[in-house]
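S.K.: The sequence and its predicted three-dimensional model are supplied below.
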Amino acid sequence: MKTKFTSSLTSNVMTELFPTIGTSAPSSNVPNWMPSMKIFKVSEHTSEAGHRYLKGLRFSNNLAVAFSFSFWNTWTYLNEIEVYRFNGNSIELADRRKCDKQFYEEDFLKNEVKEMVRGIVESSLLMNGQDSNVMALESQIEELVEGTYRPLKEYDRNRLEMCIKKALPTEEPVRTFKLHF
């Protein structure tokens, strides 16, 4: 079954990615891989005040991480992080953290995601009446988060389609990252 997403990837790629000046891209369903940030750019818009906002996504086979960034002058701010887990053929929100315009720094971002995953694991262990010694699972948490930083070639296309379709922008301008399921 050919979806709008798949159709857009197999049509004229150059026209999709680099439209002629004055024309818009025929489809907004082609995810843009940003090598500098190692994320898929899901959406971007500029506010009336001239501030740019971007929604990005990283994922592995077990975890999806969504980010909301804003740009002003030469600065990049991290506004929000959301961690999702896969449940069959869908994804569900596991944790969300607002960063209140934290300056973007990759080490900070990675540590925040690790802390969020650690919190998810610890609370799950406590709820199940198990020992909440998360430190014993630290290497697995590290591996889980590092898995979202892989090269573009290693991404599973079907999983990418599922994640991107869920994260496409709504009609309203998005200032905080919202995924609709």
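M.R.: It's in. Residues are numbered from 1 along each chain as shown.

S.K.: measure Gln102 to Asp95 for me?
M.R.: Distance, Gln102 to Asp95, using Cβ to Cβ, to the nearest Å: 16 Å. Quick note: C-beta positions are derived from backbone N, CA and C, even for glycine.

S.K.: for Gln140, same thing?
M.R.: The spacing between Gln140 and Asp95, counted by Cβ to Cβ, is 17 Å.

S.K.: cool, Lys153 as well?
M.R.: Counting by Cβ to Cβ - Lys153 and Asp95 are separated by 29 Å.

S.K.: One more: Tyr53?
M.R.: 21 Å.

S.K.: Pick out whichever of the two has more residues nearby.
M.R.: The neighbour comparison of Tyr53 against Asp95 (other Cβ atoms under 10 Å) goes to Tyr53, with 20 against 16.

S.K.: Please, which helix or strand holds the more buried one?
M.R.: Element membership of Tyr53 [criterion: DSSP states H and E] is strand 52-59.

S.K.: buried ones in that strand?
M.R.: Applying a neighbour-count criterion of 16 or more other Cβ atoms under 10 Å, one finds Tyr53, Leu54, Lys55, Gly56, Leu57, Arg58, Phe59 buried in strand 52-59.

S.K.: What of stretch 99-117?
M.R.: Cys99, Gln102, Tyr104, Leu109, Lys110, Glu112, Val113, Lys114, Met116, Val117.

S.K.: Does the first one touch Ile81 like I think?
M.R.: Yes - when contacts are counted by Cβ atoms under 8 Å, Cys99 is listed as touching Ile81 (6.6 Å).

S.K.: any residues in contact with both of these two?
M.R.: Common contact partners of Cys99 and Ile81 (Cβ atoms under 8 Å, 6 or more residues apart in numbering): Glu112.

S.K.: okay, who's weakest in the buried residues of strand 52-59 by pLDDT?
M.R.: Within the buried residues of strand 52-59, Phe59 has the lowest pLDDT, namely 85.

S.K.: partner residues bridging that residue?
M.R.: Applying DSSP bridges to Phe59 yields these beta-bridge partners: Ala64.

S.K.: Wait, it touches Met162, no?
M.R.: No - using Cβ under 8 Å, Phe59 makes no contact with Met162, being 9.4 Å away.

S.K.: Tell me which helix or strand in this structure has the weakest average pLDDT.
M.R.: In the chain, no helix or strand scores lower on mean pLDDT, DSSP states H and E than helix 4-10, which sits at a mean of 51.
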